[in-house]
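J.: below are the sequence and a predicted model; questions follow.
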Amino acid sequence: MTSLPALTPLLALIESDSSSSVEYVIGGKALSDSAREAAAELLAEDAVEIACGDSPLLKSWRLSRAGGPAHTGSKLRALETYVGIAFGLPSKPTNANHLQGHVAELIWNRVIQERAVCRDGRRLVHAHPVKADPLEPGGDGLVIYQNCGGVLVFRLWEIKKHDTKQTNLVSATISRASQQLSDRGHEYLAKLAGPETTTKGGPLGDLYADMVELWFDRSVRAGVGISVGTSDHHAPDKPSAFGAIAAKFPEFNTAGQTESIVVAVPDFPGFAEQVRGIVWSGL
C-alpha cells in the first residue's frame, strides 16, 4: 500500500489567537473529497493497529486491503473479534453514537501524535493511545511532555463527539466534557497512571507516581484538554465556546494548561461510516 499522509495538514488546523484563555485549534471544515479519503484511510489504519497491536493479524488486514486473499476460518474469526470491538461487523454494526465517538477519539489520537512541539515549547514524550473499546470506562487521553525547562508535565484529555442532530452549540459538549474532567479526572488519572509506575522508572516513573497528587494540587505540571469531533456547521466561531474549560479549571492559568481541539468535517457521521467501511474492507 502507498504510504499515508499526516492527518494534521489535511485538516488545515487554525490556531486560536491571544484573546482566548484556552489554547485551541479548529480544522476540517474545508476537507476535500481526496483529503477526506486519505484521512479516513489513515484513521482506519490507526484503528486496526490500536485493536490488534503487534499481532500478525495487522499485517494480514493490510495485505487483504491491498488486494490479497480474503481471510477464512479461525484467522477471519480472530480478526473479526479485534475489529468488532469498536466497529461491529457488516452483519451487526455498532450503533452510530459509538462509531462516531470512536472516530472522534481516533482523530484526537492522530493529531496529538503528530504535534511533536506545542506552542509553548513543550515537546511530546509519550501519548497514551486511545482505547480499542470506546465503551470502556476511564480516561480518554493522557499525554506527557517535557517543557522548556526540562520538566515533565502532563495533560488529561476528554474526547467527545458532537451529534450533528443536536441543536445546541458545540460549547455545550465542551462544557459537559469539562464538568466530567472536573468531577472524575482524578479517577481517570489513577487508572491510567497506576499501571505505569510498575514499568516506568526515573523522572517519568516519578511523574506517574505523583500524577494524582499533582492533579489535586492543580500544579503547573498538570493540565487539561477537550477534543470534539463534529460536522462543519457545528464548528465554533468564538473563543467563548471554550470558556467552560477555563471556568472549571481556573487554577490552570499558565499558557497551554487548558487546550482544545475541534475537528469539524463536512458530514461527520458520514465520515465515521467511511472509516468503518475501510476497516471492514480488510476482513
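T.: Great, that's in hand.
J.: how about the contacts made by residue 121?
T.: Taking C-beta atoms under 8 Å, 6 or more residues apart in numbering, we find residue 121 in contact with 147-148. Using the backbone N, CA and C atoms, a C-beta is placed for each residue, glycine as well.
J.: same check on residue 174?
T.: Residue 174 makes contact with 160, 226, 228, 241-242, 244-245, 260, according to C-beta under 8 Å, 6+ apart.
J.: which strand or helix spans it?
T.: In this structure, residue 174 is located in helix 170-193 according to DSSP states H and E.
J.: could you give me the buried positions within that helix?
T.: Applying a neighbour-count criterion of 16 or more other C-beta atoms under 10 Å, one finds 170-171, 173-175, 177-178, 180-182, 185-186, 188-189, 192-193 buried in helix 170-193.
J.: go through the contacts of residue 174 and flag which are in helices.
T.: Per DSSP state H, helices hold the following members of the contacts of residue 174: 244-245.
J.: using a markdown table, lay out the contacts of residue 174 together with distance to residue 209.
T.: Formatted as a markdown table, the contacts of residue 174 follow (distance: C-beta to C-beta, whole Å):
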| residue | distance to residue 209 |
| --- | --- |
| 160 | 29 |
| 226 | 26 |
| 228 | 31 |
| 241 | 36 |
| 242 | 31 |
| 244 | 30 |
| 245 | 27 |
| 260 | 28 |
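J.: so which of the contacts of residue 174 are in strands?
T.: 160, 226, 228, 260 (DSSP state E).
J.: of the contacts of residue 174, closest to residue 10?
T.: residue 228 (17.7 Å; C-beta to C-beta).
J.: ok, that closest one - contacts?
T.: Shown in contact with residue 228 (C-beta under 8 Å, 6+ apart): 104, 159-162, 170, 173-174, 177, 260-263.
J.: can we see that at 10 Å?
T.: Residue 228 makes contacts with 26, 104, 107-108, 158-162, 170-171, 173-174, 177, 234-236, 241, 260-264, 268, as judged by C-beta atoms under 10 Å, 6 or more residues apart in numbering.
J.: cool, and residue 119?
T.: Residue 119 neighbours (C-beta under 10 Å, 6+ apart): 15-16, 23, 25, 255-256, 259.
J.: top of those residues by neighbour count?
T.: Of all those, the highest neighbour tally under other C-beta atoms under 10 Å goes to residue 259, namely 25 neighbours.
J.: look at that one and report its pLDDT.
T.: Here the pLDDT value assigned to residue 259 is 97.
J.: for residue 237, same thing?
T.: Predicted confidence (pLDDT) at residue 237: the value is 89.
J.: look at it and give its secondary structure.
T.: The three-state label given to residue 237 by DSSP: H, G, I helix; E, B strand; the rest coil is coil.
J.: my guess is it contacts residue 24, does it?
T.: No. Counting by C-beta atoms under 10 Å, residue 237 stays clear of residue 24, with 11.8 Å between them.
J.: okay, the two: which has more neighbours?
T.: residue 24 (23 against 7).
J.: against residue 93, how distant is the more buried one?
T.: Distance, residue 24 to residue 93, using C-beta to C-beta, to the nearest Å: 32 Å.
J.: also residue 149?
T.: Relative to residue 93, residue 149 is positioned 48 Å away (C-beta to C-beta).
J.: more neighbours, those two?
T.: Using other C-beta under 10 Å as the criterion, residue 149 and residue 93 rank with residue 93 on top: 15 against 7.
J.: distance between the helix holding residue 174 and the chain's centre?
T.: Computed by C-alpha atoms, centre = their mean, to the nearest Å, the chain-centroid distance of helix 170-193 equals 14 Å.
J.: can I get it in PDB, CA atoms only?
T.: Extracted as PDB, the C-alpha positions of helix 170-193 are listed here (Å, rounded to 0.1, in the frame of the first residue of the first chain):
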ATOM      1  CA  VAL A 170     -20.700  22.600  20.500                       C
ATOM      2  CA  SER A 171     -19.900  24.700  23.500                       C
ATOM      3  CA  ALA A 172     -22.500  22.600  25.400                       C
ATOM      4  CA  THR A 173     -20.500  19.500  24.600                       C
ATOM      5  CA  ILE A 174     -17.300  21.200  25.700                       C
ATOM      6  CA  SER A 175     -18.900  22.300  28.900                       C
ATOM      7  CA  ARG A 176     -20.200  18.700  29.600                       C
ATOM      8  CA  ALA A 177     -16.700  17.300  29.000                       C
ATOM      9  CA  SER A 178     -15.100  19.900  31.300                       C
ATOM     10  CA  GLN A 179     -17.500  19.000  34.100                       C
ATOM     11  CA  GLN A 180     -16.700  15.400  33.600                       C
ATOM     12  CA  LEU A 181     -13.000  16.000  34.000                       C
ATOM     13  CA  SER A 182     -13.600  18.200  37.000                       C
ATOM     14  CA  ASP A 183     -15.700  15.500  38.700                       C
ATOM     15  CA  ARG A 184     -13.700  12.400  37.700                       C
ATOM     16  CA  GLY A 185     -10.300  13.500  36.400                       C
ATOM     17  CA  HIS A 186      -8.500  12.100  39.500                       C
ATOM     18  CA  GLU A 187     -10.100   8.700  39.000                       C
ATOM     19  CA  TYR A 188      -9.100   8.700  35.300                       C
ATOM     20  CA  LEU A 189      -5.600   9.500  36.200                       C
ATOM     21  CA  ALA A 190      -5.400   6.800  38.800                       C
ATOM     22  CA  LYS A 191      -6.500   4.200  36.300                       C
ATOM     23  CA  LEU A 192      -4.100   5.400  33.600                       C
ATOM     24  CA  ALA A 193      -1.100   6.200  35.800                       C
END
